[in-house]
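Undergrad: pasting a predicted model and its sequence here:
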Amino acid sequence: MSDADHDADRRHDEGALVPADAWAALRRLTPARIGLGRAGASLPTRELLAFGAAHAQARDAVHLPLDVAALRPRLQALGLQTIEVASAAADRPTYLLRPDLGRRLGGTGGALLDAHTAAHGPLADDALLIVVGDGLSSAAIERQAVPLLAEIRRQRPPGWSLGPVVVATQARVALGDDIGQRLGAAMVAVLIGERPGLSSPDSLGVYLTRAPKVGRSDAERNCLSNVRAEGLVHAEAARKLWWLAEAARRLGATGVALKDDSGLAPGAGLGVAEATPLPSGRSG
């Protein structure tokens, strides 16, 4: 055997001892950064660039303003009446530094909602009020809100109606309490951009509160999280929301008193929680 043939056989034998990428199968199952490899003592260039791009997407999701002018026609195309308001946070830096201001209406928003109630009366008891708030990800609203609302309309159970969709900027979850109280809503669902992660800059959250009023705590809400194609898909999020709304109507409460048993067989019960109520806390 020549030296060249011997070297080729040795390389083949050594290659057979090198295992296949053990992380490859797991990486296909999750967007999490696992098994990234290394180049010397650092990350491979491709992974470092991918991390930088993901970080930039997350920052953009937080800082870029929601394009309300583009969103409202898309909502109206679904046959939904819209009202636009803003929180008491005057701009994005203030919103990020003062969460409390994002929980209350500012400017003319309160007067606008009060005038709507004076002209049309409080919302009917069978109406679910929808608030669409930019929250911490405008990208989540731009990508998820319209398809989710389309599913909410499509799956609306008998005996329910939808109130006007209130589009709120510089919004925190609890802004829905101020809005719902002024419109006389029996129940409000706040669709809001969640804090973006490095693999999920466009994740939407849905917070359901019965009898909204200023001062409600997080313990009095039910939350559906990670609504997006790679997480809780729109059709399933709408199904869960209506299940919770119907259960809350019968139970007379949302939050820790209401357990999400929507995955159980039909007729399995309301899912009344047995846990001790959580301490009062402010909303995000």
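TA: Arrived safely. Residues are numbered from 1 along each chain as shown.
Undergrad: report the secondary structure state of E84.
TA: Reduced to three states with DSSP: H, G, I helix; E, B strand; the rest coil, the structure at E84 is strand.
Undergrad: quick check: nearest residue in space to it, chain neighbours excluded?
TA: Using C-beta to C-beta, 6 or more residues apart in numbering and skipping residues adjacent in sequence, the residue nearest E84 is V167, 5.0 Å away. C-beta coordinates here come from the backbone N, C-alpha and C atoms, glycine included.
Undergrad: same check, this time on R210
TA: The spatial neighbour of R210 that comes closest, neighbours along the chain excluded (C-beta to C-beta, 6+ apart), is T254 at 4.4 Å.
Undergrad: doesn't A69 lie inside a helix?
TA: Yes - with three-state DSSP as the criterion, A69 is assigned to a helix.
Undergrad: that one and L149: what is the separation?
TA: Distance of A69 to L149, given as C-beta to C-beta, to the nearest Å: 18 Å.
Undergrad: more crowded one of the two?
TA: Taking other C-beta atoms under 10 Å, A69 and L149 do not tie; L149 has more neighbours (21 against 8).
Undergrad: part of a strand, is that one?
TA: No - with three-state DSSP as the criterion, L149 is located in helix rather than a strand.
Undergrad: contact partners for it?
TA: With contacts defined as C-beta atoms under 8 Å, 6 or more residues apart in numbering, the neighbours of L149 are 75, 78, 80, 130, 132, 165, 191.
Undergrad: could you look up the SS state of the fifth one?
TA: Think V132. strand.
Undergrad: that one and G193 touch, don't they?
TA: No - applying C-beta atoms under 8 Å as the test, V132 and G193 come out as separate, 9.6 Å apart.
Undergrad: who touches both of those two?
TA: With contacts defined as C-beta under 8 Å, 6+ apart, the residues adjacent to both V132 and G193 are I141.
Undergrad: more neighbours: which of those two?
TA: Between V132 and G193, counting by other C-beta under 10 Å, V132 is the more crowded of the two (31 against 28).
Undergrad: bridged to that one, which residues?
TA: Note on V132: beta-bridge partners by DSSP bridges are V167, L191.
Undergrad: mind starting the numbering at 46 from now?
TA: Understood, numbering begins at 46; the last thing we discussed is V177.
Undergrad: which pLDDT value belongs to it?
TA: The pLDDT attached to V177 in the predicted structure is 98.
Undergrad: how about G60?
TA: With respect to pLDDT, G60 scores 50.
Undergrad: with G329 instead?
TA: In the predicted model, G329 carries a pLDDT score of 56.
Undergrad: good, we can wrap up now.
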